[in-house]
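1. Sequence and predicted structure, then a few things I'm wondering about:
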Amino acid sequence: MRLWVESATSRTFLASRLHHARGLNRLCSNTAETRTRRSYSTSNQTILNIPKANVYRFGDPNKASPVFKDLEWTIRDGESWAIVGPAGNEKTQLLEMLLGYMRLHPSPPGGMFPFLSSKGADPHSSVSLVSFTARRAAGGGAFVDYTARYGAVREEDRLTLREALFSDHSEGGANASELEVLAERLDLKRLLDLPFIVLSNGQTRRARVARALLRRPEILLLDEPLTGLDVNHRPKLTDLLKEIHETGKPRILMSLRPQDPLPNWITHVAAVDGTRVSTGPRALVSAMPAENILDNGCKQVHSTTPDIQQVELVHMKDVNVRYHERHILKNVEWVIRAGERWHLKGANGSGKTTLLSLITGDHPQSYTQASSNFRLFSQPRRRLPTSTLARKVGIASPEIFNAFPRRLGPSALSVKDAIATGFEGTYSYRPRSGEMDERIDELLRALGPRNWSTEPNQQLEDWSERPFAALSSGEQSLVLLMRALVGRAPLVILDEVFAGMDSRMISVARAYLRDKLDPEQAVVFVTHWEEEVPWNLENTRKLTLSDGVATIS
Ligand SMILES: Nc1ncnc2c1ncn2[C@@H]1O[C@H](COP(=O)(O)OP(=O)(O)OP(=O)(O)O)[C@@H](O)[C@H]1O
C-alpha cells in the first residue's frame, strides 16, 4: 500500500496497522457488537419488505403506467444485494424508490424498511445515496468551470478533503481516527490536506464514498461506484464495502453495470429490465443474459499511410507540471502524429487529465513550458489562441460531462444544440448553418437512438430535439461523444467516454470509432478497461503514466 511505503519504518508500519485495526473496528462496530450482530445477522430479520407493488412517481394516479410493475422484493439480514441493469434511469429510479422518492401501491404494511420502523428511525434520514451516474443539480444547470482546479486555487475553493469529510458528519459521531482509517483504506490519506477541488476523478469518487460512510446512515446506496476507478482501486473498494456491510453499519446496496464484475460476496441480485425487476439469489437471477460489451466483431487493424504520419500534432519533450512541492508530470515526452491511435492509461491520480489539459490548453502551465519542448499543431502553444485549439481538439471527458450545462425550460440546449457546441468547443447555443445540420444528422444516423434504443421508432422522432438535460446519463454520454466528433477535429481525445452507456450504445460507438473516422484524425483513448479500446491493441500505441512518469510502448 502506497501509504505504508511512504511511512518507511517497520515500527511505523506496525503502529499504523494497529491504529488501522482499532479504527476499522470502531468504524464498523466494536468487537462485542460485532459478535452480537453476527447472531443478529442470522436472525433473518427483514430489512426491506415489498410484498408486491406497482411503483409510481409521486402525483401519478394508479392508472398511470408504473415506473416498476409488480415489484416483489424482500431483503433479509445477512444477504448482500446488488442491483444490476443496463444504463438508463431504471437502476437510479430503483435506488430513488428506496430513498422514498416514489409511491408504492399498495404500500408495504409496516413500511419498506421494517427494521427501521421497529427502531423508530426515520427512513428519510437513515437511507442515503451516492450517485456516480449523473451530475447533481447544481448552479441551476449552468456550465461549471472545470478548469478551476488547474490553476491557483481560489480562496473560496480551499476547503480541504479533511474538512470536506468532517463538515458533513460533525453531528454524526464518527471521529478523527475513523476518518484516518477510512482514508487509508481508500488510499486518500496523503490527499487529506489538499483542497477537495484538486482531486482527480477517481480520487473524488473514493472521497464521496468515504464522506457517505462517515455520515453513518443505516443503509448506504451506491449508484455505479466502480465507474472511473482504476484496476487496483476497484477490489480495494469492494473489499472495504464487504467488511462494512457485514457489520451492518451501514448496510450497503450498490448498483452495477452489466459489464462490471459482480463481487463474489454479493449473494443476491435485483436485475432491472425496463419496468420489470427480477429479484433473488445470485445464481438464479444471473441466469439473465450476461452482456459482453465488447463482443462486436473483430477489431480493425488500424494503419496509417507514411505521408500522413509525418504530421506532428503534439510534440512534448521534458514537459513538467508542478504545484509547489507536488510534482505531477515528470519530464514527459510524447509525440502524437496524424492518424495515430493511442491508449492513455495509468492509475487514478497518475496525471492523465493533467497531461490532456496541457494539450487542450486548459492548463495555465501549458503556457510556461519551453516553446521548443511543447508544440501543438506545429506551433508553440503560446501562439495558438485557446479558441483555435478548441476547434482542433475534439474532446469528451468526465470533467466535460460534469461541467456541461443542463438547464431545462426555455434556455435548455436540445440534443442537436448540444452536439453543435462541439464545432467551436463551446458550451452555449450557437446558430447553425445548413452544412452543420447535415453533419449533425449524419452523426445522429450513425450513433443516434435508432441504433440502440428499445423504444419504438415513432417515439424516437423527436429525440434530437429533446432537452439534453432530460436524457439518461448514458444518452448524455453518447451526445457528448457526438459533440467531440462533430467538427472532425484533427485530434480527438476520448476520456472514459463509455461511462454510463449500456452495451448496445457502447457497441455502436466502438464500431463508429473503428470504421468511420477520417484516416488523418488522431485519437487518444483513455480508459481503465483495456477491453474498451476500440482498435486492435497491437496497432494501438500506449502511453502509461505512473506517478507522472510516462512510458511509451
Ligand atoms: N492544484 C493542485 N494541487 C495539488 N495537486 C493537484 C492539483 N491538481 C491536481 N493535483 C493532483 O494531481 C494528480 C493528478 O491528477 P489527474 O486528474 O491528472 O489524475 P488522473 O490520472 O486523470 O486520475 P483519474 O484516473 O482519477 O481521473 C492527482 O493526485 C491530483 O490530486
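-> That came in fine, so what should we check first?
2. residues from the stretch 201-350 of the chain in reach of the ligand?
-> Residues of the stretch 201-350 of the chain lying close to the ligand (Cβ under 6 Å from any ligand atom) are 201-203, 323, 326, 328, 346, 348-350. All C-beta spots, glycine's among them, are computed from the backbone N, C-alpha and C.
3. same thing but at 5 Å, please
-> 201-202, 323, 326, 328, 348-350 (Cβ under 5 Å from any ligand atom).
4. Let me have the residues you listed in a markdown table, adding neighbour count, pLDDT and secondary structure as columns.
-> As requested, those are arranged in a markdown table below (neighbours: other Cβ atoms under 10 Å; pLDDT from 0 to 100; DSSP: H, G, I helix; E, B strand; the rest coil):
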| residue | neighbour count | pLDDT | secondary structure |
| --- | --- | --- | --- |
| Asn201 | 22 | 89 | helix |
| Gly202 | 24 | 91 | helix |
| Tyr323 | 16 | 88 | strand |
| Arg326 | 11 | 87 | strand |
| Ile328 | 20 | 93 | strand |
| Asn348 | 21 | 94 | coil |
| Gly349 | 25 | 93 | coil |
| Ser350 | 23 | 95 | coil |
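5. so who does Val549 touch?
-> Val549 makes contacts with 330-332, as judged by Cβ atoms under 8 Å, 6 or more residues apart in numbering.
6. What backbone torsions are found at it?
-> phi -100, psi 130 (degrees, to the nearest 10).
7. same question, Arg466
-> When read as degrees, to the nearest 10, the backbone of Arg466 gives phi -70, psi 150.
8. How about it: what's its closest non-neighbour residue?
-> Val415 (5.7 Å; Cβ to Cβ, 6 or more residues apart in numbering).
9. what's the neighbour count on the one you found?
-> Using other Cβ atoms under 10 Å, Val415 has 26 other residues around it.
10. repeat for Asp362
-> Count around Asp362 with other Cβ under 10 Å applied: 22.
11. now the one 5 residues further on
-> Residue crowding around Tyr367 was assessed by other Cβ under 10 Å; the count is 12.
12. now the one 10 residues further on
-> Each residue near Phe377 was counted by other Cβ under 10 Å, and the total is 18.
13. same check, this time on Ser177
-> By other Cβ under 10 Å, 15 other residues sit near Ser177.
14. residues from this protein in reach of the ligand?
-> 198, 200-202, 323, 326, 328, 348-354.
15. Looking at those, spot the one nearest Ala420.
-> Thr353 (25.3 Å; Cβ to Cβ).
16. Alpha carbons only: can I get the strand or helix carrying the closest one in PDB?
-> Per DSSP states H and E: Thr353 is located in helix 352-359. What follows is helix 352-359 as a C-alpha-only set of coordinates in PDB (Å, rounded to 0.1, in the frame of the first residue of the first chain):
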ATOM      1  CA  LYS A 352      -3.700  11.700 -17.300                       C
ATOM      2  CA  THR A 353      -6.200  14.500 -17.000                       C
ATOM      3  CA  THR A 354      -3.400  17.000 -16.300                       C
ATOM      4  CA  LEU A 355      -1.500  15.800 -19.300                       C
ATOM      5  CA  LEU A 356      -4.500  16.200 -21.600                       C
ATOM      6  CA  SER A 357      -5.300  19.600 -20.100                       C
ATOM      7  CA  LEU A 358      -2.000  20.800 -21.500                       C
ATOM      8  CA  ILE A 359      -3.000  19.700 -24.900                       C
END
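17. Contacts for that helix next, please.
-> 147, 150, 200-201, 314, 316, 319, 321, 328-329, 332, 334, 344-346, 363, 365-366, 369, 374, 376, 381, 393, 395, 397, 399, 491, 493, 495, 524, 526, 545, 550.
18. The stretch 451-553 of the chain: strands as residue ranges?
-> 491-495, 522-526, 541-546, 549-552 (DSSP state E, counting those that start in this stretch).
19. Let's have these in JSON lines, adding mean pLDDT.
-> Output for these, formatted as JSON lines (pLDDT from 0 to 100):
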{"stretch": "strand 491-495", "mean pLDDT": "97"}
{"stretch": "strand 522-526", "mean pLDDT": "97"}
{"stretch": "strand 541-546", "mean pLDDT": "96"}
{"stretch": "strand 549-552", "mean pLDDT": "95"}
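20. Could you list the domains of the protein?
-> When the chain is parsed with automatic domain parsing, its domains come out as 2-285, 308-552.
21. lowest-confidence stretch among these?
-> The minimum mean pLDDT among the domains of the chain belongs to domain 2-285 (a mean of 77).
22. Return the member of the contacts of Val549 nearest to Pro258.
-> Of all the contacts of Val549, Pro258 sits closest to Val332, with 36.1 Å by Cβ to Cβ.
23. Kindly spell out which helices and strands sit in contact with the helix or strand encompassing the closest one.
-> For Val332, the enclosing helix or strand under DSSP H and E is strand 326-337. Applying 3 or more Cβ pairs under 8 Å, 6 or more residues apart in numbering; DSSP states H and E, we find strand 326-337 packed against strand 312-323, helix 352-359, strand 522-526, strand 549-552.
24. Narrow the contacts of Val549 to just the buried residues.
-> Buried by 16 or more other Cβ atoms under 10 Å: 330, 332, out of the contacts of Val549.
25. TSV for the contacts of Val549, including distance to Ser473?
-> Shown next, in TSV, are these (distance: Cβ to Cβ, whole Å):
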residue	distance to Ser473
Lys330	35
Asn331	38
Val332	32
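26. what about the helices in the stretch 351-500 of the chain?
-> 352-359, 386-392, 398-403, 415-420, 434-447, 473-485 (DSSP state H, counting those that start in this stretch).
27. Which other helices and strands does the fifth one contact?
-> Helix 434-447 makes packing contacts with helix 415-420, helix 473-485, helix 503-515 when contacts are defined by 3+ Cβ pairs under 8 Å, 6+ apart.
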